[in-house]
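Chemist: coordinates only, sequence not included:
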Ligand SMILES: Cc1cc2nc3c(=O)[nH]c(=O)nc-3n(C[C@H](O)[C@H](O)[C@H](O)COP(=O)(O)OP(=O)(O)OC[C@H]3O[C@@H](n4cnc5c(N)ncnc54)[C@H](O)[C@@H]3O)c2cc1C
């Protein structure tokens, strides 16, 4: 399918250059940054196309379209869904699918747009404008957690049966890695898939599964047998209406309320062996590859949410009077907000750098792990600091800082805890003594 956005490219090229809007004098007479800084002769200038800038060109147009969809179809309902502790996944995915957003980086043959992964990061960053963490997370599971391995390694038939409808928003997917006895230690999972004729017979269960109550299928990691704990697992697509699947309960969580998180049991669940993604025994490796996109996505999705909170905290403290002046007149608050914004910008730079390397075809396990670690830590720091400046109002259950405080706490745990990121980084950077 041709990209429906291509015709807009020329219009974007005609749009004003970066920083053009900044070329004005600020109120205190200090010149604002301008694009007309004289360059030393003979020095190569990095073109815009060399840098990630999601406000420009195709990025900008896709981002604006997604923003409109969020503003019209998602944000007006977020409070209602949070209160109901579930959002209508099929309805929301159908709207996103119809607009092309569930397959930006997926093959055109299955209804995707075939764009490079920087567009996935642009989408994750923009999803941060949804006024809760739960709905972006559910969308991210569909686009960047349960489908990357299927898109990369799945057979044509499997992709036609499960990837194409996930891209179209006709089916909701989920990713089944964690189990009651194994989260951080992925290789310790106990779910088994035993061969019987042309089928696998699956037994075991999965824990904390996002979209789990509503999903049509799961990309499930199961033990299929082999000679080492890293080569004895396979990823298998399990339709969740199969006999023997039991979605036992919707889990009650600290945050991410409108996302349905389930515990799911498998009791002699039969699926054809053709539902296996790629080679048998390669599931652990595929999952590790898939984690690169999951972790970049999970880092990028926090940026706009945190920026919004910093901005709204400035607005709130700018209005809130204490000791005869707005709270924001205290330099300690101004400086703290400026510091937090600086940290967010540094996170963005790290994510963009990781993305550029990933798009260039490199393994970015190291940079993606750093970004995920930084995002988890920063999510906690920013929401805690901002909530403080909202005082009692921030402590109210339904307030924006309280929701973000609850939701952001997940990112130091889910998709690989901070310590797992540190374990990966310690190994990769050679900080682990030999023999350990
Ligand atoms: C809301 C939510 C949604 C989720 N969605 C999904 C999903 O869709 N699919 C899915 O498969 N999973 C999902 N998960 C599971 C999530 O990925 C796991 O919770 C996570 O990987 C951590 O595993 P665990 O909870 O078993 O923690 P454990 O492995 O028991 O670890 C507990 C804590 O120990 C510490 N720790 C762990 N390893 C080390 C180490 N090597 N060194 C030092 N300290 C360490 C960390 O602080 C960690 O938080 C979700 C979880 C939640 C809460």
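Modeler: Nice, thanks for sending it over. Predicted model, so just to flag it, every value in this text is computed and none were measured. Numbers count the residues shown, from 1 in each chain.
Chemist: quick one: residue 207 is in a helix?
Modeler: No - in this structure, residue 207 is strand, not part of a helix, as judged by DSSP: H, G, I helix; E, B strand; the rest coil.
Chemist: Residue 292 contacts residue 368, doesn't it?
Modeler: Yes - taking contacts as Cβ atoms under 8 Å, residue 292 lies within contact range of residue 368: 5.0 Å. All C-beta atoms are positioned from the backbone trio N, CA, C, and that covers glycine.
Chemist: what touches both of those two?
Modeler: Residues within reach of residue 292 and of residue 368 at once, by Cβ atoms under 8 Å, 6 or more residues apart in numbering, are residue 358.
Chemist: Please say which of those two ends up with more neighbours.
Modeler: Summary of the neighbour comparison: residue 292 and residue 368, criterion other Cβ atoms under 10 Å, with residue 368 having more neighbours (28 against 21).
Chemist: What distance do you get for the closest residue to that one other than its chain neighbours to residue 415?
Modeler: Counting by Cβ to Cβ, 6 or more residues apart in numbering, residue 295 is the residue found nearest to residue 368 once chain neighbours are left out, at 4.3 Å. Per Cβ to Cβ, to the nearest Å, residue 295 is found 6 Å from residue 415.
Chemist: so what's in contact with the two at the same time?
Modeler: Common neighbours of residue 295 and residue 415, using Cβ under 8 Å, 6+ apart, are residue 372.
Chemist: The closest residue to residue 75 other than its chain neighbours: how many residues sit nearby?
Modeler: Here the nearest residue to residue 75 in space, its sequence neighbours aside, is residue 131; by Cβ to Cβ, 6+ apart that works out to 5.3 Å. Under the neighbour criterion other Cβ under 10 Å, residue 131 is assigned a count of 20.
Chemist: which SS state does residue 131 fall under?
Modeler: Going by three-state DSSP, the secondary structure assigned to residue 131 is coil.
Chemist: roughly how far apart are it and the ligand?
Modeler: Distance of residue 131 to the ligand, computed by Cβ to the nearest ligand atom, to the nearest Å: 18 Å.
Chemist: so residue 372 touches residue 299, yeah?
Modeler: Yes - counting by Cβ under 8 Å, a contact exists between residue 372 and residue 299, whose distance comes to 5.1 Å.
Chemist: re earlier: please, which helix or strand holds the residue nearest to residue 368?
Modeler: Residue 295 is part of helix 283-319, with elements assigned from DSSP states H and E.
Chemist: how about that helix: buried residues?
Modeler: Neighbour-count burial for helix 283-319, with 16 or more other Cβ atoms under 10 Å as criterion, is recorded at 283-287, 290-307, 309-310, 313-314, 316-317.
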